[in-house]
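J.: Dropping a prediction and its sequence here:
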Amino acid sequence: MSRLFLGTVLSAALVATVAVAADSASVGLKQGDPIGAFYVTKVAGAEADGVKSGSDLCYRCKYGQRPMVMVFTRSSGEKVTELVAELDKAVAANSDAQLRGFVTVMGSDQSSLKSSAKKIAESSGAKQIPVTVALDSENGPANYQLDPKAEVTVIVADESQVVASHSFSADSVDVAAVIKEVSQLLN
């Protein structure tokens, strides 16, 4: 192998490595990033929050700078409903701290998204957590740069900034870790 060929191969590998690192660095919000506005349609859950099912709004805006947990999901599986049920309990238990949360279902078929949203709300028994469909439904809000390969993304925020962000496969959502993070945020 000639030195020129080897040098070209190594240069190409370095460029590919830098490109992959740049791509992964640009996916998703990071700690300290501001959380922006985005619009959703409320489908179910949180019946006493003053927003009728079918209404379009920005829950992130409605909640302002309060501590909040935003769940973005492409799945209505068991771990997702378990997470929503635990978040619902946390919101109810932390009303003095004004903790809020909401779920946004993502994907390509609007009618199946609404069906999934209803399933999540019913399965979790969500009384405090609204379940919504994003108007940017394919991959969630563009300004959040969510990983299109992540089935579930959880963003914990306070004072309009990201405190933590995690991506999971649908069957590996670490409910205990998310709830622990929420507890630490409130203490």
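T.: Okay, I see it.

J.: According to the record, where do the domains of the chain fall?
T.: If you go by automatic domain parsing, the domain ranges for the chain are 1-28, 31-186.

J.: Straight-line length of stretch 73-83, end to end?
T.: Length of stretch 73-83, first residue to last, C-alpha to C-alpha, to the nearest Å: 11 Å.

J.: can you give me the helices for this structure?
T.: Shown for the chain, the helices assigned by DSSP state H span residues 3-25, 59-63, 78-93, 110-124, 175-186.

J.: Reformat the domains of the chain as CSV; add mean neighbour count and mean pLDDT.
T.: C-beta here means a position set from N, CA and C on the backbone, and glycine is covered the same way. Converted to CSV, the domains of the chain look like this (neighbours: other C-beta atoms under 10 Å; pLDDT from 0 to 100):
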stretch, mean neighbour count, mean pLDDT
domain 1-28, 10, 43
domain 31-186, 18, 94
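
J.: Pretty sure Thr153 is one of the things Val80 touches, is it not?
T.: No: contact criterion C-beta atoms under 8 Å: Val80 and Thr153 do not qualify, at 11.4 Å.

J.: hey, what's in contact with both of the two?
T.: Contact criterion C-beta atoms under 8 Å, 6 or more residues apart in numbering; residues shared by Val80 and Thr153: Val71, Thr73.

J.: Give me the contacts around stretch 146-161.
T.: So stretch 146-161 is contacted by 27-29, 32-35, 64-75, 79-80, 83, 106, 139-140, 144, 162-170, 173, 178, 181-182, 185 (C-beta under 8 Å, 6+ apart).

J.: show me the contacts for the closest residue in space to Val80 that isn't next to it in sequence.
T.: Leaving aside its sequence neighbours, Val80 sits nearest to Thr73 (C-beta to C-beta, 6 or more residues apart in numbering; 5.2 Å). Shown in contact with Thr73 (C-beta under 8 Å, 6+ apart): Val80, Val103, Thr104, Val105, Met106, Ile120, Glu151, Val152, Thr153, Ala170.

J.: Now go through these and say which are in strands.
T.: Val103, Thr104, Val105, Val152, Thr153 (DSSP state E).

J.: For the residues you listed, work out which two are farthest apart.
T.: The two members of the ones in strands among the contacts of Thr73 with the most space between them (C-beta to C-beta) are Val105 and Thr153, at 12.0 Å.

J.: Any figure for the gap between Gly45 and Ser115?
T.: Applying C-beta to C-beta, to the nearest Å, the value for Gly45 to Ser115 is 14 Å.

J.: so how far is stretch 71-89 off the chain centroid?
T.: Between the centre of stretch 71-89 and the centre of its chain there are 11 Å (C-alpha atoms, centre = their mean, to the nearest Å).

J.: That should have said stretch 175-187, apologies.
T.: 15 Å.

J.: Could you do stretch 29-39 as well?
T.: That offset, for stretch 29-39, works out to 11 Å (C-alpha atoms, centre = their mean).
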